[in-house]
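Participant: My questions are about this predicted structure, shown below with the sequence.
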Amino acid sequence: MKLEIIPDEFTKAASVLQEIQAHGFEAYFVGGSVRDALLNKPIHDVDIATSAYPEEIKQIFHRTIDVGIDHGTVLVLVGEEQYEITTFRTESTYQDFRRPDTVTFVRSLKEDLKRRDFTINALAMDVDGKIIDLFDGILDLEQKIIRAVGNPKERFHEDALRMMRGLRFASQLDFTIETNTLSAIEEFHPLLGKISVERIAVEFIKLLLGKNRRAALLPFIETECYQYCPGLKKHGEALFNFSDLSNRPIDAENQAWTLLIHTIGLKETDIRNFLKTWKQSNQMIQEVQLLIFGLNKRLSGDWQVMDLFNLGLDAVLSIENLLYYYDQKSKIEEVKERYLRLPIHNRKQLAITGNDLLDYFDEKPGKWLGDMIEILEIAVVNGQITNNKELLIAYAKNIIDKE
Ligand code: ATP
Ligand code: MG
């Protein structure tokens, strides 16, 4: 089979393949980019596989960076572009279910394609767009099937992460996992316990954000893979409920965690721990905590003016977006307008500072100062007083005089 219309990303890289060939080696496009081109999906990175050894690649190209030379990968810089060029390789004896003990460079494309995870990922394409399909990957693409290359049990035994990858491709591509591949996941799911949380998390997040989340969540639960994911062990039932939510794709990672955690019903104080065990960043943890706090507010009534101010527009709109999964109507436009009409949008816009108050009242800094700023801020946000320095001082004076 030949790809008739070759996407620009490949045409741009054609000279790299030709250059390698001119030196007497083979070179092909491989992996996700070939799969996505055949599916008419946008292409991310164009990966290249070659029979040339890393040292040989470095002699062919002037500008190279050793990014993973032990695994055979050299980054080649051509103009503005950069390409990962990986030597054909086999991987042998996976003692620990996750990393090959030895990577052996080989000159055969077939050997290289054989070690890849799924048939749809084991396609190669030459510079003219001819597809090399040794494992019926095209048929599986047409039939929307995720099938391990070779014996699925062996493949998952070699590298247990592949089970999570299979599930995430099912979600991202809206494909079904082939029966033998699925039973191998069922049998070998405990091996996920050997895989680092970071690597599992990458795949799990892609699964959550995919086009058909449910198509992956159901096998994820039924094969019990979730038992070997952080913080989910006791939540099989809740995960079913999660898979039962509207299957509309989730817009962003923080929204995905929010929906998941909210459905599981974690206490607000447990959110941090849960996301920590998933090795998420503090930034992500804060965003999710804010979204869950806001979501609970919004589910119990309309926004108060101070909620809009405290949460900020991004969080408020994300929460409006999430209402869809709770069969509630969102009021995106109305909320945007209400937000824009707030007299101020952050504390910096308050017409008075702590220093102004210290000067005026000739007092030492202390708790009273923060409290006062907060009182003034609330009064301004609620429209009880105009954001004007003199008026704010007078307002503050009034409060202090009463005390
Ligand atoms: P994406 O579009 O998400 O990048 P991808 O298929 O390109 O999907 P990558 O993780 O970038 O996925 O890997 C590139 C290729 O390397 C895959 O298409 C597959 O052929 C191979 N591969 C990646 N991880 C594994 C693995 N754990 N086991 C076997 N082959 C793998
Ligand atoms: Mg990729």
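Facilitator: In hand now; what should we look at? Ligands and ions are numbered 1, 2, ... in the order given.

Participant: contacts for stretch 336-349?
Facilitator: Applying CB atoms under 8 Å, 6 or more residues apart in numbering, the contact partners of stretch 336-349 are 303, 305, 308-309, 312-313, 316-317, 350, 373, 377, 380-381, 383, 386-387. Where C-beta positions appear, they are placed from N, C-alpha and C, glycine not excepted.

Participant: ok now that stretch, how far from the chain's centre?
Facilitator: 31 Å (CA atoms, centre = their mean, to the nearest Å).

Participant: In that stretch, which residues are buried?
Facilitator: Counting neighbours by 16 or more other CB atoms under 10 Å, one finds that the buried residues in stretch 336-349 are 339, 342, 343.

Participant: tell me what the helix or strand of the chain with the lowest mean pLDDT is packed against?
Facilitator: Ranking every helix and strand in the chain by mean pLDDT, DSSP states H and E puts strand 89-92 at the bottom, with a mean of 84. Here strand 89-92 touches strand 102-105, helix 109-114, going by 3 or more CB pairs under 8 Å, 6 or more residues apart in numbering; DSSP states H and E.

Participant: List just the one of those that sits closest to residue 298.
Facilitator: Closest of those to residue 298 is helix 109-114, at 50.1 Å (criterion: CB to CB).

Participant: Whichever helix or strand comes after the closest one: partners in the sheet, and parallel or antiparallel?
Facilitator: Using DSSP states H and E, the helix or strand that directly follows helix 109-114 along the chain is strand 124-125. Using DSSP bridges, the strands paired with strand 124-125 are strand 27-30 (antiparallel), strand 131-132 (antiparallel).

Participant: As JSON lines, those with distance to residue 322 would be great.
Facilitator: Below are the strands paired with strand 124-125 laid out as JSON lines (distance: least, CB to CB, whole Å):
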{"stretch": "strand 27-30", "distance to residue 322": "38"}
{"stretch": "strand 131-132", "distance to residue 322": "41"}
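
Participant: How far does stretch 108-119 sit from its chain's centre?
Facilitator: Remark: stretch 108-119 is offset 26 Å from the chain centroid, using CA atoms, centre = their mean.

Participant: now stretch 288-303
Facilitator: Centroid separation between stretch 288-303 and its chain, computed with CA atoms, centre = their mean, is 23 Å.

Participant: start at 47 instead
Facilitator: Okay, using 47 as the starting number, the last item reads as stretch 334-349.

Participant: Can you find the residue of the stretch 297-446 of the chain that comes nearest to ligand 1?
Facilitator: Taking CB to the nearest ligand atom, ligand 1 has its nearest neighbour within the stretch 297-446 of the chain at residue 299, 14.6 Å off.

Participant: What residues does residue 403 make contact with?
Facilitator: With contact taken as CB under 8 Å, 6+ apart, residue 403 is in contact with 409, 415, 418, 419, 439, 442.

Participant: Adding pLDDT, secondary structure and distance to ligand 1, write those residues out as JSON lines.
Facilitator: As requested, those are exported to JSON lines (pLDDT from 0 to 100; DSSP: H, G, I helix; E, B strand; the rest coil; distance: CB to the nearest ligand atom, whole Å):
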{"residue": "409", "pLDDT": "86", "secondary structure": "coil", "distance to ligand 1": "59"}
{"residue": "415", "pLDDT": "95", "secondary structure": "helix", "distance to ligand 1": "51"}
{"residue": "418", "pLDDT": "96", "secondary structure": "helix", "distance to ligand 1": "52"}
{"residue": "419", "pLDDT": "97", "secondary structure": "helix", "distance to ligand 1": "47"}
{"residue": "439", "pLDDT": "96", "secondary structure": "helix", "distance to ligand 1": "58"}
{"residue": "442", "pLDDT": "95", "secondary structure": "helix", "distance to ligand 1": "56"}
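
Participant: give the contact list for residue 257.
Facilitator: Listed by CB under 8 Å, 6+ apart, the contact set of residue 257 reads 217, 218, 219, 220, 295.

Participant: go again using 7 Å as the cut-off
Facilitator: Going by CB atoms under 7 Å, 6 or more residues apart in numbering, residue 257 touches 217, 218, 220, 295.

Participant: Quick check: closest non-adjacent residue to residue 213.
Facilitator: In space, and not counting its chain neighbours, residue 213 is closest to residue 262: 4.5 Å by CB to CB, 6 or more residues apart in numbering.

Participant: In which helix or strand does the one you found reside?
Facilitator: Following DSSP H and E, one finds residue 262 within helix 259-268.

Participant: could you point out which element follows that helix?
Facilitator: Where DSSP H and E defines the elements, the next helix or strand beyond helix 259-268 is helix 282-290.

Participant: hmm, back to that, among the contacts of residue 257, which one has the most neighbours?
Facilitator: Highest neighbour count within the contacts of residue 257: residue 217, with 26 neighbours (other CB atoms under 10 Å).

Participant: My read is that that residue contacts residue 264, right?
Facilitator: No - if you go by CB atoms under 7 Å, residue 217 and residue 264 don't touch, sitting 10.4 Å apart.

Participant: if I look at the two, which residues touch both of them?
Facilitator: Common contacts of residue 217 and residue 264 (CB under 7 Å, 6+ apart): none found.
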